[in-house]
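**Student:** attaching a predicted model along with its sequence, questions to come.
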Amino acid sequence: MGHLDHAALGWLTPALSYAMACTGAALGLRCTVRALAATGRSRRNWLVTAASAIGTGIWTMHFVAMLGFAVTGTDIRYDVPLTLLSLLVAMVVVCAGVFAVGYGRDRGRALFLGGLTTGLGVASMHYLGMAAVRLHGDVTYDPVLVGLSVLIAVVAATAALWAALNIKSPVAVTIASLIMGAAVSSMHYTGMFAVSVRVTPSGAVLPGATAMQFIFPLAVGLGSYLFLTSAFVALSPTAGEREASASAQRPVEGVAP
């Protein structure tokens, strides 16, 4: 059995991955709050931004954490198409869950279906990402820990959507995002602790790209997207601010222009 190290670079990758998860959650919650206060095309655009932020945050969290993943006795490579597919899955399923909440008439049912769909999608993203790992050996999973990681993903997704429906203030959103980041990180590391590797020593060249060749540049790009979008949302006026501005510009009744 190969020895697995989930923090080969020390606490840098766990801390940075947690920061990515929190940033994605906070941005997604703020965008969903904006969406619920909007109508028409504006609501749709805010929901798409929320889904992309949450999906990007979860995916970036996973693969930043994977930068610290090492197995003694073998190199590790990543299958590029499968890795990109895991990113697409994260985006699509989160989008489905966010839209279910944003447009659902029955909030309770929308929350249940959205949380279940999004949670299963997040778990699928994780295990698709793990399926993209190439190494000299066989990878097996503890089914109990796999089931627990899926349950954590569903609970975390449901809690995130509930927060989007019920939390409005920036302070509450910040607290919720910190909790959501912890939940997503817990799901990831629970899934990683389910992994066992039986190494088969070999001198053959592994297919795929190294983490630094592919994962790191992509994670940096997506992380930059999160921070730039956060700045845009922070500077964008809320519905209340736009209404106040419009009211201030209307001529006062009885006063000549």
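**Tutor:** Yep, that arrived.
**Student:** please, where are all the helices along this structure?
**Tutor:** Using DSSP state H, the helices found in the chain span residues 12-36, 40-66, 80-103, 107-131, 143-166, 170-193, 216-235, 239-249.
**Student:** which of those has the lowest mean pLDDT?
**Tutor:** Among these, helix 239-249 has the lowest mean pLDDT, at a mean of 53.
**Student:** now the helices of the chain in CSV, with mean neighbour count and distance to Thr210?
**Tutor:** The C-beta positions use only the backbone N, C-alpha and C, and glycine is treated the same way. Formatted as CSV, those follow (neighbours: other C-beta atoms under 10 Å; distance: least, C-beta to C-beta, whole Å):
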stretch, mean neighbour count, distance to Thr210
helix 12-36, 23, 15
helix 40-66, 23, 11
helix 80-103, 20, 11
helix 107-131, 20, 15
helix 143-166, 20, 26
helix 170-193, 19, 19
helix 216-235, 14, 9
helix 239-249, 10, 46
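**Student:** so which of these is nearest Pro201?
**Tutor:** With C-beta to C-beta, the closest approach to Pro201 among the helices of the chain belongs to helix 107-131: 21.7 Å.
**Student:** re earlier: redo the helices of the chain as JSON lines? Include distance to Val199.
**Tutor:** Below are these laid out as JSON lines (distance: least, C-beta to C-beta, whole Å):
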{"stretch": "helix 12-36", "distance to Val199": "22"}
{"stretch": "helix 40-66", "distance to Val199": "18"}
{"stretch": "helix 80-103", "distance to Val199": "21"}
{"stretch": "helix 107-131", "distance to Val199": "16"}
{"stretch": "helix 143-166", "distance to Val199": "20"}
{"stretch": "helix 170-193", "distance to Val199": "17"}
{"stretch": "helix 216-235", "distance to Val199": "24"}
{"stretch": "helix 239-249", "distance to Val199": "56"}
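**Student:** out of the ones you listed, the one nearest Gly203 is which?
**Tutor:** Ranking the helices of the chain by proximity to Gly203 (C-beta to C-beta) places helix 80-103 first, at 22.9 Å.
**Student:** orientation of that closest one relative to helix 40-66 in degrees?
**Tutor:** Here the directions of helix 80-103 and helix 40-66 differ by 140 degrees (axes from the mean of the first three to the mean of the last three C-alpha atoms, to 10 degrees).
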